[in-house]
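# Okay, sequence plus prediction incoming.
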Amino acid sequence: SRETSSFSRRRDARPRSMRRHTCAMAMGRTARRRTCLASAASTAKSKKRSTKKAKEVPAPGLYQQTVKRSITRQGVGLHSGTSAVVRVRPAPAGQGRYFVRVPAGASHRDTSTETRTHHAWRRTDPNVDDERHAGTIVDWPEDPYGFLDRGEDVLEEMGVEPEAFVQDMALEMDKVAHQKMTREEVEQMVREAEANGFADDVEDMYEQWEVEGDEDGEENESESIVPIDEESEPVLRANLDAVVEKPRLATTLGTGLGALSTVEHLLSALEACGVDNARIEFEGGPEVPLLDGSAKFWVKAIEEAGMQVAKTNQGKMVRRLTLQPDQYLCLKEGDAFIALYPDTTTRITCGVDFVAKAPVIGNQWHSWAPAQGLSYLEEVGLARTFCCKDDIQPMLDAGLIRGGMEGTALVADGDRWYNEHEVRYPSSEAARHKILDLIGDLSLLAEGGHAGLPHGHIVAFKTGHDMHIRFARMLREYCQGQSATGELEMVPADYKRKD
């Protein structure tokens, strides 16, 4: 309108500094209005339901873990072509991963669940501005966690005032109780406590942070654990001693009717996601279902089931340990090799060479290091198994890949992909899948619920399951030789440490 136009001209005629000031005031009012609206909405939402810590991508922890609820998947085995059902159930700390063949239909039965609600202690503190705990007062003695009972002499040697230390530690514990700390911060606190002789004092804190609940504010429901009974049921341990056949296209555990093949994708997902203890029931065919040829559906199932700190039958948490060879190790076969370079964290690098046989794959390399914060699912778990078109008929003639179908594997046809629309990583999927397989095979180094992946930089080129297993046995034998007692010497497994 004419009036608006006249006003705009008059306003624009003012000095630039005045126009800027007016604009800033308007923006400030708008920002404050938006902040008030957002604050009001947030307050209303928090009153409607309690806020819990966000669900995290499953990953190995400082202590042994297990799933919170069962995971069940059904599918067809790659080589047998028969249907099978696999169910991953919670297991106590120290049990590790083991398979049990169950009667048909057992994996679909309803199981009773034990509901456990964990209430963290609360305390009103001026430094904690959390409306959820306003007005909640708990008597707090001078040293609520008993830090001074065992550590006063240590503090004096460190030149730290005991009272100041207790106050600082208590405030940190308060943060944990109020879910103010991230997983990384809690684990860093555990590392520092271990270095200063206070490891036992922070175990409860770590456990409390783990079981505070999920983001939906629901109660923590953990499925009851089925006790292991090796006398009445055939138990197949997921370790190197169970690998009795020479693996070629897949890794097989056990023999005869109790054998189970193609375990590498499932074990890769369990190892990388930190499911250290698990009772794995299987029925039907002699193979773990191939699904889409990757570890995608296993990882997604673990995310849905949730994770928890595993405890022994006596209710104790167990620190997660792993092997850490102090010397370069290498296994060679022609131009293929697999080697380990000593390190204090874990890194895996794999390469393939199909330049002559399948130019579309060519020469690929890929590397994955958990300490760099790279997601197992996005970097490795999504990569599908693959083969060359010319190899399909010979494998069928040999009685293999009877369950192979489109959507379960990538097929290379010279300089192109037969199913190009299913390729997820055009320049590196074959190398990524080799990392997936290697993690699954090295997970068989795990004993007693500890880690299978050792510390060190593992580099593999043109390797298969057979070389992976032989290298794992070489590594175990070397680590046994490091010890004066002949037993495996292990160190705390901390794949997130970057030093």
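Looks like it came in fine. Keep in mind that what you see is a predicted model, and the values were worked out from it rather than measured.

# Report the helix or strand with the lowest average pLDDT across the chain.
The least trusted helix or strand in the chain, going by mean pLDDT, DSSP states H and E, turns out to be strand 113-115, with a mean of 28.

# What is the helix or strand containing Asp353 packed up against?
Secondary structure assignment for Asp353, by DSSP states H and E: strand 346-354. Strand 346-354 is packed against strand 362-368, helix 429-442, strand 456-461, with contacts defined by 3 or more C-beta pairs under 8 Å, 6 or more residues apart in numbering; DSSP states H and E. Placement of C-beta: from N, CA and C, glycine included.

# any weak-confidence spans in the stretch 201-350 of the chain?
For the stretch 201-350 of the chain, the stretches flagged by pLDDT under 70 are 201-221, 230-231, 257.

# got the residue ranges for the helices in it?
With DSSP state H, counting those that start in this stretch as the criterion, the stretch 201-350 of the chain has helices at 264-273, 296-305.

# Highest mean neighbour count out of the ones you listed?
Each of the helices of the stretch 201-350 of the chain was given a mean neighbour count from mean count of other C-beta atoms under 10 Å, and the largest, a mean of 28, is that of helix 264-273.

# which residues sit against that helix?
58-60, 86, 88, 97, 238, 250-251, 275, 278, 280, 288, 290-291, 294-295, 298-299, 302, 307, 370, 376, 380-381, 436-437, 439-444, 446, 451-453, 465 (C-beta atoms under 8 Å, 6 or more residues apart in numbering).

# Below-threshold pLDDT in the stretch 351-499 of the chain: ranges please.
Low-confidence segments of the stretch 351-499 of the chain, defined by pLDDT under 70: 484-486, 495-499.

# all strands of it, in order?
Using DSSP state E, counting those that start in this stretch, the strands of the stretch 351-499 of the chain run over 362-368, 386-388, 410-413, 416-417, 456-461, 491-492.

# Out of those, the one nearest Tyr425 is which?
Tyr425 lies closest, by C-beta to C-beta, to one member of the strands of the stretch 351-499 of the chain: strand 362-368, at 8.3 Å.

# Show me what that closest one pairs with in its sheet, parallel or antiparallel.
Applying DSSP bridges to the sheet, strand 362-368 is found paired with strand 346-354 (antiparallel).

# Restrict the strand it pairs with to CA atoms and write it as PDB.
What follows is strand 346-354, C-alpha atoms only, in PDB (Å, rounded to 0.1, in the frame of the first residue of the first chain):
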ATOM      1  CA  THR A 346      42.500 -52.600  17.000                       C
ATOM      2  CA  ARG A 347      42.500 -51.800  13.200                       C
ATOM      3  CA  ILE A 348      41.600 -54.200  10.300                       C
ATOM      4  CA  THR A 349      42.700 -53.700   6.700                       C
ATOM      5  CA  CYS A 350      41.700 -56.000   3.900                       C
ATOM      6  CA  GLY A 351      42.500 -56.200   0.200                       C
ATOM      7  CA  VAL A 352      41.300 -58.200  -2.700                       C
ATOM      8  CA  ASP A 353      42.600 -58.600  -6.300                       C
ATOM      9  CA  PHE A 354      40.200 -59.600  -9.000                       C
END
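
# That strand to helix 429-442, inter-axis angle?
If you take axes from the mean of the first three to the mean of the last three C-alpha atoms, to 10 degrees, strand 346-354 sits at 130 degrees to helix 429-442.

# what angle do strand 346-354 and strand 456-461 make?
With the same axes, to 10 degrees defining the directions, strand 346-354 sits at 10 degrees from strand 456-461.

# which residues sit in contact with the residue nearest to Lys434 when sequence neighbours are not counted?
In this structure, Lys434 finds its nearest non-sequential neighbour in Cys350, 3.9 Å apart by C-beta to C-beta, 6 or more residues apart in numbering. The contact partners of Cys350, taken as C-beta under 8 Å, 6+ apart, are Trp365, His366, Ser367, Ala431, Arg432, Lys434, Ile435, Leu438, Val459, Ala460, Phe461, Thr463.

# Next one: Ala238 from Ala104, what distance?
According to C-beta to C-beta, to the nearest Å, Ala238 and Ala104 sit 23 Å apart.

# Between the two, point out the one with more neighbours.
When neighbours are counted by other C-beta atoms under 10 Å, Ala238 and Ala104 differ, and Ala238 comes out ahead with 24 against 9.

# Give me the distance between the more buried one and Phe99.
Relative to Phe99, Ala238 is positioned 7 Å away (C-beta to C-beta).

# Now list whatever residues contact both of the two.
What both Ala238 and Phe99 touch, as defined by C-beta under 8 Å, 6+ apart, is the set Leu253, Val263, Ile280.

# so what's the last one up against?
This points to Ile280. Contacts of Ile280 by C-beta under 8 Å, 6+ apart are Val86, Arg87, Val88, Arg89, Arg97, Tyr98, Phe99, Val100, Ala238, Leu266.

# What pLDDT is listed against the third one?
Val88 is assigned a predicted lDDT (pLDDT) of 96.

# distance of it from Gln393?
From Val88 over to Gln393 the distance is 35 Å, taken as C-beta to C-beta.

# Which one's more surrounded, the two?
Ranked by neighbour count (other C-beta under 10 Å), Val88 and Gln393 place Val88 first, with 26 against 9.

# nearest residue to the more buried one other than its sequence neighbours?
Ile71 (4.1 Å).

# who touches that neighbour in this structure?
Counting by C-beta under 8 Å, 6+ apart, Ile71 makes contact with Arg87, Val88, Trp298, Ala301, Ile302, Glu304, Ala305.

# Pull up the gap between Gly77 and Gly284, please.
9 Å.

# hmm, I was thinking of Leu377
Relative to Gly284, Leu377 is positioned 27 Å away (C-beta to C-beta).

# again with Cys479
Cys479 is 37 Å from Gly284, where distance means C-beta to C-beta.

# Gly334 now?
Using C-beta to C-beta, one gets 38 Å for the distance from Gly334 to Gly284.

# Looking at these two, which has the bigger crowd around it?
Set side by side, Gly334 and Gly284 show more neighbours around Gly284, with 19 against 6, by other C-beta under 10 Å.

# Now the more buried one: closest residue in space that isn't a chain neighbour?
Nearest non-adjacent residue to Gly284, counting by C-beta to C-beta, 6+ apart: Ala84, 3.9 Å away.

# Quick check: beta-bridge partners of that neighbour?
Counting by DSSP bridges, Ala84 is bridged to Gly75, Gly284.

# cool, Leu321 as well?
When assigned by DSSP bridges, Leu321 has beta-bridge partners Pro492.

# quick one on the thing from earlier: between the contacts of Ile71, which is nearest Phe354?
Trp298 (26.4 Å).

# does that closest one really touch Thr72, like I thought?
No: at 11.3 Å, Trp298 does not count as touching Thr72 under the criterion of C-beta atoms under 8 Å.

# can you put the helices of the stretch 201-350 of the chain in a markdown table and add distance to Ile338?
Output for the helices of the stretch 201-350 of the chain, formatted as a markdown table (distance: least, C-beta to C-beta, whole Å):
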| stretch | distance to Ile338 |
| --- | --- |
| helix 264-273 | 15 |
| helix 296-305 | 24 |
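
# and Phe386, which of these is closest to it?
helix 264-273 (13.2 Å).

# tell me the angle the closest one makes with strand 362-368.
Angle, helix 264-273 to strand 362-368, by the same axes, to 10 degrees: 40 degrees.

# quick one, helix 264-273 and helix 296-305 angle?
For helix 264-273 against helix 296-305, the angle by the same axes, to 10 degrees is 40 degrees.

# Return helix 264-273 as PDB; C-alpha atoms alone will do.
Taking Å, rounded to 0.1, in the frame of the first residue of the first chain, the C-alpha atoms of helix 264-273 are listed here in PDB:
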ATOM      1  CA  GLU A 264      30.800 -66.000  10.300                       C
ATOM      2  CA  HIS A 265      28.300 -63.300   9.500                       C
ATOM      3  CA  LEU A 266      26.400 -63.800  12.800                       C
ATOM      4  CA  LEU A 267      29.600 -64.000  14.900                       C
ATOM      5  CA  SER A 268      31.000 -60.900  13.100                       C
ATOM      6  CA  ALA A 269      27.900 -58.900  14.200                       C
ATOM      7  CA  LEU A 270      28.000 -60.200  17.700                       C
ATOM      8  CA  GLU A 271      31.700 -59.500  18.100                       C
ATOM      9  CA  ALA A 272      31.600 -56.000  16.600                       C
ATOM     10  CA  CYS A 273      28.500 -55.000  18.600                       C
END
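
# No more questions from me, cheers.
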